[in-house]
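Asker: model the following, please.
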Amino acid sequence: MATREEKIKIASGFLKAAPPGEINDVFNDVRALVGDDDLLNGGIVNALEEYNTEELATVDVPGIEGKVIVSRYGQIESDRFLDPKSKQVFKLDHFRQVATDPEAYTEEDEIEDLRKVVEKDVEAYIADRYAEGVSAVYGSKGVVTIAIVHNKYSPSNFWNGRWRSVWTLDTTTSQVKGSLKCKVHYYEDGNVQLETSKEVEESLDKSSSDPHEAISKAFLELIASSELKYQKALNESYHDLAESTFNGLRRALPYTRTKLDWNKILTYRIGAELAAK
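Answerer: Residues are numbered from 1 along each chain as shown. Take a look at the predicted model:
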């Protein structure tokens, strides 16, 4: 029998691997499997914190218009996060993904002026490229960090998806690093998941001595070019999967040449039917 620690480790692994928009469903399933609410609630808060920050969870914060991103780049404490646009710090319930207790945040980094310019350009970029995208721009210790997330949930059609990208600009070296991630879950009459990522590392053409507007423009041009290339590569991969890989895996009919009625699976005698063939 699994120990308490092993149960928590297994449960945490399931939660951290939850598909987009399905964390509550996975939690309820894990809860039924563990059968011990005290053990579960006391042991998985770290897993939920990691899930929310890594997946760039979006929440509604009282008094703030629009969705706000939860990320480690704005993490003040384990349950307190900064929204850099509104300059508000809020408390997050990692179990329910509910934000409360917003408070003014008065500290400013030395690159705040550049951060504001980048934030404005990122908002225009999101409005142009992502129908339901959410972004946050952080500035700390000479580094500007952009977090972008676009969730698309369609449970009535048995699929959910999430796009995430995080970009950092070191203003002292003009080095740009990007991490692009896409996760899709399709589960109509099956269970298919796509999880892919790409890392980018480039040097910005504009140096840190240029005006803020020039730096921001060059930064966003690099992001737009990189994300477009990655999205085109994904589309090409989807086409190849549909035309070749999935066709190779799929069998139109079982060896009996008749479709299985899964609701009557216990009435089948497949071994005997195969022997007759």
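
Asker: which helix or which strand is home to the nearest residue to residue 71 once chain neighbours are set aside?
Answerer: Spatial nearest neighbour of residue 71, excluding adjacent residues (C-beta to C-beta, 6 or more residues apart in numbering): residue 147 at 5.0 Å. In short, each C-beta sits where N, CA and C put it, glycine included. Residue 147 belongs to strand 143-154 when elements are defined using DSSP states H and E.

Asker: now the next helix or strand after that strand: average pLDDT?
Answerer: Going down the chain from strand 143-154, the next helix or strand is strand 159-170, by DSSP H and E. Per-residue pLDDT over strand 159-170 has a mean of 97.

Asker: so which bits of strand 159-170 are buried?
Answerer: For strand 159-170, burial by neighbour count (16 or more other C-beta atoms under 10 Å) applies to 159, 160, 161, 162, 163, 164, 165, 166, 167, 168, 169.

Asker: which pLDDT value belongs to the most centrally placed residue in the chain?
Answerer: Most central in the chain under C-alpha atoms, centre = their mean is residue 55, positioned 3.5 Å from the mean C-alpha point. pLDDT for residue 55: 97.

Asker: got the phi and psi for it?
Answerer: phi -90, psi 0 (degrees, to the nearest 10).

Asker: mind listing the strands for the stretch 1-150 of the chain?
Answerer: Counting by DSSP state E, counting those that start in this stretch, one finds strands in the stretch 1-150 of the chain at the ranges 58-60, 67-69, 75-77, 80-83, 88-93, 98-104, 133-140, 143-154.

Asker: against which helices or strands is the first one packed?
Answerer: In this structure, strand 58-60 packs against strand 67-69, strand 98-104, with contacts taken as 3 or more C-beta pairs under 8 Å, 6 or more residues apart in numbering; DSSP states H and E.

Asker: go through those strands and pick out the most buried.
Answerer: Among the helices and strands packed on strand 58-60, strand 67-69 has the highest mean neighbour count (mean count of other C-beta atoms under 10 Å), at a mean of 23.

Asker: give the rounded mean pLDDT of that strand.
Answerer: 97.

Asker: check stretch 14-31 too.
Answerer: On average, stretch 14-31 scores 92.

Asker: now do that stretch: distance from first to last residue.
Answerer: End-to-end distance of stretch 14-31: 11 Å, with C-alpha to C-alpha, to the nearest Å as the criterion.
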